[in-house]
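no sequence on this one, just coordinates:
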């Protein structure tokens, strides 16, 4: 990938090569015309993804080459952004054959400002810019680069413009006369954190916005994301953490974690549900069942130099299969899933945290850490064993479905007292080598949801 990064810091995906089968798929068939092959071009969304990668590598390794690479990318983004009043944007450039296309020599295919999310084929105009916001914000958090923060802030102002968002009582109020609505209170406000964009695209938007809100400590944007997140929860199966595309399923985990970390709300129960019921089920971790399925269905396990093994670590997606359910080894989803694999790390990291001897167990999932190890028996048994290594205080989040009156708690096999801090069972004055055991009855429930049918509007 780095071989395709130009001297200007942008990631170019030309010159075109016929041996790259993933270039032939995706949403390209909805574009106005075919990609140009006469000049190197980049989709600006790639700059956001690469910038986040540079930040992660520099933070972990301290290698100055990553710092130099990221700084170069930031400078170019600042240079090519289009500034207007107090905001900035990147043009959608759909007529060029590629969304948000910057050509190495000739620049933008056009500079037209998107006036709604449908300016891109998938209805995701703001999400592409939000991915850049995420990268810029991450870079600022790691390096303190003020240019990155300033550009991210201007792009956020563009994303939050009213034309991209719905008002808050429009659909309800239109059925009643003015006097009736006025008598019951309420006034439509725009912009309001209700979206009408591509669902997975909306998850990218919220992910970028919350990243910026946290690093810039922008209370308005934090509250905006909270409202939009709460709205988002109601258009899917929140108990399962399922909204359709696993882009949304995984990014909602990251959004909920960041909202909780920034003090806007306590969404750890959501995170727990999302991770257990969908995130861990989405990822391919064993090639043998995939190969067996291909064998049984007569599908190829190798095509155009690619094998089924390349799916390991990626996420399931309907586009990875043909209509017979057979995996296509050449499909791009097994290599293009980077941005929505990132939340898997966020989930793992957030299971256990510790600062100044105070450990916090947010998720009752198995995890070994320098401070303590978690052995979780869920969902088969209501039991969690904590092997303390160094913590002086431990707080354990108890799921909302647990009856607190039925909890039993012991330290080294002896019943012990504890206190509640919010949803966390907390014990202190620990020595640093105890075994803590929490037990409670499992609960089974049946829930019914009614999914509203919908149809695509035909042009």
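Thanks, I have it. All figures in this text were calculated on a predicted structure; none of them were measured in a lab.

how's the chain carved up into domains?
2-270, 356-439 (automatic domain parsing).

could these be laid out in TSV, adding mean neighbour count and mean pLDDT?
From N, CA and C alone the C-beta is placed, and that goes for glycine too. Output for these, formatted as TSV (neighbours: other CB atoms under 10 Å; pLDDT from 0 to 100):
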stretch	mean neighbour count	mean pLDDT
domain 2-270	18	84
domain 356-439	16	97
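
Check the gap between residue 86 and residue 154 for me.
Relative to residue 154, residue 86 is positioned 7 Å away (CB to CB, to the nearest Å).

and what of residue 357?
With CB to CB as the criterion, residue 357 and residue 154 are 42 Å apart.

Also residue 415?
From residue 415 to residue 154 the distance is 58 Å (CB to CB).

With residue 241 instead?
Taking CB to CB, one finds residue 241 at 33 Å from residue 154.

now residue 103
Distance from residue 103 to residue 154, by CB to CB: 23 Å.

what's the answer for residue 116, then?
According to CB to CB, residue 116 stands 19 Å off from residue 154.

what's residue 367 in contact with, if anything?
Contacts here follow CB atoms under 8 Å, 6 or more residues apart in numbering; on that basis residue 367 touches 348, 351, 352, 373, 374.

Next, count neighbours for the third one.
Just to be clear, that refers to residue 352. 24 (other CB atoms under 10 Å).

Would you agree residue 70 is in contact with residue 51?
Yes. The criterion here is CB atoms under 8 Å, and residue 70 meets it with residue 51 at 5.9 Å.

Residues in contact with both of these two, list them for me.
residue 139.

what about the helices in the chain?
45-61, 64-80, 125-143, 146-159, 170-173, 178-184, 199-216, 219-233, 246-261, 268-274, 280-282, 287-297, 338-351 (DSSP state H).

can you tell me which residues contact residue 145?
71, 74, 139.

give me that answer again for 6 Å
74, 139 (CB atoms under 6 Å, 6 or more residues apart in numbering).

and what of residue 69?
Going by CB under 6 Å, 6+ apart, residue 69 touches residue 54.

Quickly note the distance from it to residue 166.
Residue 69 sits at a distance of 40 Å from residue 166 (criterion: CB to CB).

Kindly report the same for residue 379.
Distance of residue 379 to residue 166, given as CB to CB: 38 Å.

which residues sit in contact with the closest residue to residue 136 other than its chain neighbours?
Spatial nearest neighbour of residue 136, excluding adjacent residues (CB to CB, 6 or more residues apart in numbering): residue 152 at 4.0 Å. With CB under 6 Å, 6+ apart as the criterion, the residues that contact residue 152 are 133, 136, 137, 212.

switch to 10 Å and redo it
48, 74, 77, 88, 130, 132-140, 208-209, 211-212, 215-216 (CB atoms under 10 Å, 6 or more residues apart in numbering).
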